[in-house]
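K.L.:
coords below, sequence missing:
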């Protein structure tokens, strides 16, 4: 393979660090969904929480802080590392993609902030945290629908973010 085609291959994909951060956030969001069920049990005034519930609540809090930190890293990546070229996407698709990604970054960062506020500063912020979770689910659904669209089209968009190069 020539150095030119090697450089083009790199330029057509996100960096390994960007890919790792993306998939770490995906796994942490799944963890958040799973551990969130323990939170009401840890605040139930009628029943003492189990040790497992307390552990899951702690994991939820710390993983949420990690998501917030990783979202700041992702925003930094967006500002300082050029996105791979996506020549097969039309301008409206590119604008929709950019809008959805920025909305995800902002909502996840806001959700982490609201979760922190609810856990450590002001319990009523938990309602905002839950509202933002519903917005997150809607945005993730849009993101997954776009992923399925690009998978069916086989237009190379997905190969930019998968951990294994093609």
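P.N.:
Ah, there it is. Bear in mind that the values here come from a model prediction, so they are computed numbers and not experimental data.

K.L.:
where do the helices sit along the protein?
P.N.:
Secondary structure of the chain (DSSP state H): helices at 3-11, 16-35, 38-42, 51-80, 91-120, 125-153.

K.L.:
which residue is the nearest non-sequential neighbour of the spatially most central residue of the chain?
P.N.:
Central residue of the chain (Cα atoms, centre = their mean): residue 25, 4.5 Å from the mean position. Closest residue to residue 25 apart from its sequence neighbours, by Cβ to Cβ, 6 or more residues apart in numbering: residue 70 at 5.3 Å. Quick note: C-beta positions are derived from backbone N, CA and C, even for glycine.

K.L.:
returning to that earlier point: would you turn the helices of the chain into JSON lines with distance to residue 160 and mean pLDDT?
P.N.:
Below are the helices of the chain laid out as JSON lines (distance: least, Cβ to Cβ, whole Å; pLDDT from 0 to 100):
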{"stretch": "helix 3-11", "distance to residue 160": "10", "mean pLDDT": "44"}
{"stretch": "helix 16-35", "distance to residue 160": "9", "mean pLDDT": "97"}
{"stretch": "helix 38-42", "distance to residue 160": "36", "mean pLDDT": "95"}
{"stretch": "helix 51-80", "distance to residue 160": "13", "mean pLDDT": "97"}
{"stretch": "helix 91-120", "distance to residue 160": "11", "mean pLDDT": "96"}
{"stretch": "helix 125-153", "distance to residue 160": "10", "mean pLDDT": "97"}
